[in-house]
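Asks: Based on what follows, work out the 3D shape:
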Amino acid sequence: PFIRAARARIREDLDAAMLRDPAAETRADVAVNSPGLHAIWMYRLAHRLWDKGPQWRPAARLLSTLTRAVTGVEIHPGARIGRRFFIDHGMGVVIGATAVVGDDVMLYHGVTLGGRSLARGTKRHPTVGDRVTIGAGARVLGDIEIGDDVQIGANSVVVKPVPAGAVAT
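Replies: Residues are numbered from 1 along each chain as shown. Here you go, the predicted model:
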């Protein structure tokens, strides 16, 4: 059952990439050449380790560190990321430990879902709704809510909640 579910999830991720990346020609091309997808797949494995408990967390962090070195994408294994998530280009994306990302979300390169507080044991990163697109270089910072169907423009700095359906620039 795990292998079958993993294959279905990989196909779903590939379909999302094909849908959102006009330069993608084939699933095989995307599977081999998309650092954003590689980072997502390694995140999913690291997240499974993270959720197994404290004894597995050093291994999860090591996997995320190795993934960052290879892809240029840093996703903390404690983050919660939904289905059909896609990172186009990937380089420079940072997703913090307490970030929550909905389904069908797309990030471009250089996006940060970061914290504004140094407090331990609290939610410090954004919650991003479903079907959100965040443009290149955008920074979404703090424990704020980004509603469903939001578009955040390139190089925007967002530190306040954004209601569903809005455009933030």
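
Asks: What are the phi and psi values at I75?
Replies: Per-residue torsions, I75: phi -120, psi 120 (degrees, to the nearest 10).

Asks: Specify the beta-bridge partners of it.
Replies: Note on I75: beta-bridge partners by DSSP bridges are I95.

Asks: Mind pulling up the pLDDT for it?
Replies: On pLDDT, I75 comes in at 98.

Asks: List the contacts of it.
Replies: Contact analysis of I75 by Cβ atoms under 8 Å, 6 or more residues apart in numbering lists A39, I40, Y43, A46, S64, T67, I81, V93, V94, I95. Heads up, the C-betas are built off the backbone N, CA and C, glycines and all.

Asks: again, 10 Å this time
Replies: I75 makes contacts with 39-40, 42-44, 46-47, 64, 67-68, 81, 85, 87, 93-97, 99, 101, 113, as judged by Cβ atoms under 10 Å, 6 or more residues apart in numbering.

Asks: Distance check, it against D149.
Replies: Using Cβ to Cβ, to the nearest Å, we find I75 at a distance of 23 Å from D149.

Asks: chain center to stretch 7-23: distance?
Replies: Its chain's C-alpha centre and that of stretch 7-23 lie 14 Å apart, by Cα atoms, centre = their mean, to the nearest Å.

Asks: number of nearby residues for the closest residue to V157 other than its chain neighbours?
Replies: If the residues on either side of it in the chain are set aside, V157 comes closest to R139, at 4.8 Å by Cβ to Cβ, 6 or more residues apart in numbering. By other Cβ atoms under 10 Å, 18 other residues sit near R139.
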